[in-house]
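> below are the sequence and a predicted model; questions follow.
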Amino acid sequence: MKDDKTIDFNKINIKDQKQLGSALPLKQLKLGNFAPWNQLFEVSNSTYILIVLFTLFLSAPLFSGDRAKKINPILLTTRYGRGQLTWAKLASTMTIGISTFILAYALILTVFADYFGFSGWETSVQLNLYWTSPLANIMGFPVPMTISTAFVHIIVLQFVGLLFIASLNFFISSITNSPLTSFAVSTLAFFAPSFLMAMFNKGVINKLLTIFSVSTTDTPALLLKLSRNGSPGFFFDSFSANEICLISLRMLIAVLLIAYTYRLMRRRSL
């Protein structure tokens, strides 16, 4: 067996801020127990995909199912078919999706607190070493933020993304004649923007795809994108401004899609 070698810490060459690619002075960053939080991000992102797919599956036959069964003309000529029935379908499906989201995260956080506690919540997001890579170095994130705060931001973006993709599915269901087609097109609309962003990784097309890409799987890349403008970033040179802009655009599109879907179904009943 080889003898253990003594390590002289005085001879260790510690890299400076520039060498590490850190946007903030190293003294401002706090290292803590980031490993459980990294697992929490991974579990939440996987669960979010399942919630979205469940919501899409649930709402796919919302209107296309009635046309597939050829009962749409009957429903739309009933006393409440023109308005209340359409609103009831939209509201009930959206409520189920939101409830599933809340219950899923309540369960995730309960299990996380039981197994790990919330130790490390004050760790700087820049020092989650799992997010340090040549492709997306989280140390370049210029905003002082704890890893727990970053998790809250991701939950908010996921929630808005769920409302956005559900609204898009309502519209798709209103113009297709098969629930399977509605589900397939909506699922494609969920996954496709992320793949297209890999092809168009800069420029205006990338910014537009960011609006429609509701996936948060690549969390460090998303945080970095929202922290800057220019070709690889979003519209503003501020994380808060970009996040508010992204949420506002998605909510605006969601409201317009729901309003147009309702108007379309009303028009068909006349």
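Received, thanks. Numbers count the residues shown, from 1 in each chain.
> where does this protein have low pLDDT?
Residue ranges of the chain with pLDDT under 70: 1-26, 65-83, 134, 230-231, 268-270.
> next, the buried residues of the helix ranked longest in it.
Of all the segments assigned as helix in the chain under DSSP state H, the longest by residue count is helix 84-115. Neighbour-count burial for helix 84-115 flags 85-86, 89-90, 93-94, 97-98, 100-101, 104-105, 112 (criterion: 16 or more other Cβ atoms under 10 Å). From N, CA and C alone the C-beta is placed, and that goes for glycine too.
> for stretch 146-154, same thing?
Counting neighbours by 16+ other Cβ under 10 Å, the buried set in stretch 146-154 is 146-147, 150-151, 153-154.
> let me have those residues in TSV, extended by distance to Leu62 and secondary structure.
Shown next, in TSV, are those (distance: Cβ to Cβ, whole Å; DSSP: H, G, I helix; E, B strand; the rest coil):
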residue	distance to Leu62	secondary structure
Thr146	40	strand
Ile147	38	helix
Ala150	34	helix
Phe151	32	helix
His153	31	helix
Ile154	28	helix
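> output the residues you listed as a markdown table; include the columns distance to Ser178.
Formatted as a markdown table, those follow (distance: Cβ to Cβ, whole Å):
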| residue | distance to Ser178 |
| --- | --- |
| Thr146 | 47 |
| Ile147 | 44 |
| Ala150 | 40 |
| Phe151 | 39 |
| His153 | 38 |
| Ile154 | 34 |
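> show me what counts as buried in stretch 253-266.
In stretch 253-266, counting by 16+ other Cβ under 10 Å, buried: 254, 257-258, 261-262, 265.
> of those, closest to Ile51?
Among those, Ala254 lies closest to Ile51 (Cβ to Cβ), at 16.2 Å.
> not counting its neighbours along the chain, what's nearest the closest one?
Among residues not flanking Ala254 along the chain, Ser167 sits closest, at 3.9 Å (Cβ to Cβ, 6 or more residues apart in numbering).
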